[in-house]
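Novice: Based on what follows, work out the 3D shape:
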Amino acid sequence: MNNIAQTFKNGKVLIPYITCGDPDLAVTADVIKAVDQTGADIIELGIPFSDPAGEPPIAQRASARALKGGVTTDKVFSMAEKLQSEIKAPFVIMTYANVVFGYGTERFLKRCQETGIKGLLLPDVPFEEKDDFAPLCRKYGVELISMISTSSGKRVPKIASEAEGFLYGIAAPDVTDSEEDICSKLKAMVCEAKDANPQIPCCIDANGFELEQIQEVLQFADGIVIGAPLLQLLEEKGAEAVNPIREYIGQLKQVMG
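Specialist: I've put the predicted structure just below:
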């Protein structure tokens, strides 16, 4: 697999998100192969968590189904290990701090290295607490992905200046914000991050965005993360979702150019 930095040298980046084990790990493996073959640049693997309170309902239900089916962190690592020689896109893991702590932080990151995981995203770990993980991430060659949002305010330059891999940007709209307002705030956030660290790529979580919004975001961002449409297809179709997901990612990649 490529590393993260190489990925951003080839143009705008598409990052599909998949909850591992929904509906089972065999289907997850098929989805990973499908999105890799149709143009995914980075693949974000979600390790399910029993209390993903910050996640949207579609992702919470996916985690619940995966855990009910018996998915464990070890099983996710084993799947990634088997796939790493077949998949071109680098893997990034998204999970929660308790999953890593429960597994053992050093053991977790050593397994990341062994199984070809290039990055780690922990949405419940504030930037100010990243040193609980950053030294061991560096030891095992795993880039700790930082998050910024349109509500991060004055923290954006500081986060950007120390970021690794890429920045994961999120819209935190006010209830009165129009689509135009959201894009404007995202653009200002990305510009502020790039002023602080011109070398760091910034990808935007585009879940819930219409195609026109995605195209507008790609005028200033380096890529997008997309998960909800894939999770919706898996919820509705189960194992039969693989080909529709393949088609969706292929179409999205074409639109991105």
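Novice: ok, which stretches of the stretch 51-200 of the chain are helices?
Specialist: 57-68, 73-83, 97-103, 105-114, 134-139, 155-161, 179-196 (DSSP state H, counting those that start in this stretch).
Novice: The ones you listed: which one's closest to I224?
Specialist: helix 179-196 (10.9 Å; Cβ to Cβ). To be clear about C-beta, it is placed using only N, CA and C from the backbone, and glycine gets the same treatment.
Novice: Run the chain-centre distance for the closest one.
Specialist: Taking the mean of its C-alpha atoms, helix 179-196 sits 19 Å from the chain's own mean (Cα atoms, centre = their mean, to the nearest Å).
Novice: Tell me the buried residues in that helix?
Specialist: If you call a residue buried by 16 or more other Cβ atoms under 10 Å, then helix 179-196 has these buried ones: 182-183, 185-187, 189-190, 192-194, 196.
Novice: pLDDT averaged over that helix - what is it?
Specialist: For helix 179-196, mean pLDDT rounds to 94.
Novice: Tell me which other helices or strands that helix touches.
Specialist: Helix 179-196 is packed against strand 143-149, helix 155-161, strand 167-170, strand 202-205, helix 211-217, with contacts defined by 3 or more Cβ pairs under 8 Å, 6 or more residues apart in numbering; DSSP states H and E.
Novice: hang on, the earlier thing: please tabulate the buried residues of helix 179-196 in TSV, including the columns distance to K68.
Specialist: TSV is the format used below for the buried residues of helix 179-196 (distance: Cβ to Cβ, whole Å):
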residue	distance to K68
I182	35
C183	38
K185	38
L186	36
K187	41
M189	37
V190	38
E192	42
A193	39
K194	42
A196	43
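Novice: Not counting sequence-adjacent ones, nearest residue to P173?
Specialist: Closest residue to P173 apart from its sequence neighbours, by Cβ to Cβ, 6 or more residues apart in numbering: I182 at 5.0 Å.
Novice: whoops, I mixed them up, I145
Specialist: Nearest to I145 is L121, by Cβ to Cβ, 6+ apart, at 4.3 Å.
Novice: wait, isn't the one you found in contact with C137?
Specialist: No: using Cβ atoms under 8 Å, L121 is not in contact with C137; the gap is 11.2 Å.
Novice: coming back round to it: need the helices and strands packed on helix 179-196 in JSON lines with mean neighbour count, can you?
Specialist: Output for the helices and strands packed on helix 179-196, formatted as JSON lines (neighbours: other Cβ atoms under 10 Å):
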{"stretch": "strand 143-149", "mean neighbour count": "22"}
{"stretch": "helix 155-161", "mean neighbour count": "18"}
{"stretch": "strand 167-170", "mean neighbour count": "23"}
{"stretch": "strand 202-205", "mean neighbour count": "24"}
{"stretch": "helix 211-217", "mean neighbour count": "16"}
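Novice: Compare the ones you listed and report which one is nearest to S178.
Specialist: Of all the helices and strands packed on helix 179-196, helix 211-217 comes closest under Cβ to Cβ, at 10.8 Å.
Novice: Alpha carbons of stretch 236-250, as PDB, please.
Specialist: Output of stretch 236-250 as PDB, limited to C-alpha atoms (Å, rounded to 0.1, in the frame of the first residue of the first chain):
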ATOM      1  CA  GLU A 236     -30.600  -1.600   3.400                       C
ATOM      2  CA  LYS A 237     -28.900  -4.300   1.300                       C
ATOM      3  CA  GLY A 238     -26.400  -6.200   3.500                       C
ATOM      4  CA  ALA A 239     -24.200  -8.400   1.400                       C
ATOM      5  CA  GLU A 240     -26.000  -7.200  -1.800                       C
ATOM      6  CA  ALA A 241     -24.600  -3.700  -1.200                       C
ATOM      7  CA  VAL A 242     -21.200  -4.400  -2.600                       C
ATOM      8  CA  ASN A 243     -21.900  -3.600  -6.200                       C
ATOM      9  CA  PRO A 244     -24.100  -0.500  -5.500                       C
ATOM     10  CA  ILE A 245     -21.200   0.800  -3.300                       C
ATOM     11  CA  ARG A 246     -18.700   0.100  -6.100                       C
ATOM     12  CA  GLU A 247     -20.900   2.000  -8.600                       C
ATOM     13  CA  TYR A 248     -21.400   4.900  -6.100                       C
ATOM     14  CA  ILE A 249     -17.700   5.300  -5.400                       C
ATOM     15  CA  GLY A 250     -16.900   5.100  -9.100                       C
END
